[in-house]
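# here is my input, please return the structure:
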Amino acid sequence: ANLAGSVKAMDKADPAHGREIFFGRGTCFACHKAAGQGVTLGPDLNGIRTRRDVEYVIRSILIPDEYIVEGFQQTSLAMKDGRKLFGMIQEETAETVKIYLPTGEQVVVRAAAILKRDAAKNTSMPSSFIYTLSDKDVADLTAFRDEVMAGVAANNERRIRRAAPPSEPAATCCSQICRI
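Numbers count the residues shown, from 1 in each chain. Down below sits the predicted model:
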């Protein structure tokens, strides 16, 4: 798969097939949440369609190491007791560091017990999708993401409309700005 081919394939993208990839062979659900299912280990995909364009999303699928979202940088900790921990720092204070391991386990260590700390240059997202997914697969996956996010926006709009007092106009939402 490549960027140009995947963008071109968006014209005939099939969100249902994208859903199969997300929850199936793409294993996206192991790190990302969509449609209320999956794990929030990677960046939250809710609202991404209003923050980033289609090309950005496709590039993120095909070349995940190109831009690592802040807060999702992998970190390696060498501990004074000889342990080596690798994962994402979830919370840090002067006293403790909470690291989320790729296994899903959360480990809290004393900050004073860390001997060395290194930020990884790669994301935990597989870089093999450029070889294992076709342009159509990438377009379908992107279309599924758009469909899910459109559903989230529509649900939010319905919730706002129900909450609006009868004497006030119901909320109207556009692609990036909500007005009440």
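# every contact and neighbour count from this point should use C-alpha atoms.
OK.
# only alpha carbons, please: show the longest strand anywhere in the chain as PDB.
With secondary structure taken from DSSP state E, the chain has its longest strand at strand 84-92. Written as PDB, here are the backbone C-alpha positions of strand 84-92 (Å, rounded to 0.1, in the frame of the first residue of the first chain):
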ATOM      1  CA  LYS A  84      14.100  -3.400  32.500                       C
ATOM      2  CA  LEU A  85      10.700  -2.000  31.900                       C
ATOM      3  CA  PHE A  86       9.400  -0.800  28.500                       C
ATOM      4  CA  GLY A  87       6.100   0.900  27.900                       C
ATOM      5  CA  MET A  88       4.300   4.300  28.000                       C
ATOM      6  CA  ILE A  89       4.600   6.600  31.000                       C
ATOM      7  CA  GLN A  90       1.000   7.200  32.200                       C
ATOM      8  CA  GLU A  91       1.600   9.300  35.200                       C
ATOM      9  CA  GLU A  92       4.700  10.800  36.800                       C
END
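# let me know the next secondary structure element after that strand.
strand 96-100 (DSSP states H and E).
# remind me what that next one packs against, helices and strands.
Counting contacts by 3 or more Cα pairs under 8 Å, 6 or more residues apart in numbering; DSSP states H and E, strand 96-100 packs against strand 84-92, strand 106-110.
# list the buried residues for the last one?
Along strand 106-110, the positions that meet the burial threshold by neighbour count (16 or more other Cα atoms under 10 Å) are Val109.
# partners of that strand, with directions?
Using DSSP bridges, the strands paired with strand 106-110 are strand 96-100 (antiparallel).
# equivalent analysis for the longest one, please.
Neighbouring strands of strand 84-92 in its sheet, by DSSP bridges, are strand 74-79 (antiparallel), strand 96-100 (antiparallel).
# least confident of the helices and strands packed on strand 96-100, on average?
For the helices and strands packed on strand 96-100, the weakest mean pLDDT is recorded on strand 84-92, namely a mean of 92.
# ok, Glu91 touching Val97?
Yes - with contacts counted by Cα atoms under 8 Å, Glu91 reaches Val97, the gap being 6.0 Å.
# more crowded one of the two?
Taking other Cα atoms under 10 Å, Glu91 and Val97 do not tie; Val97 has more neighbours (19 against 12).
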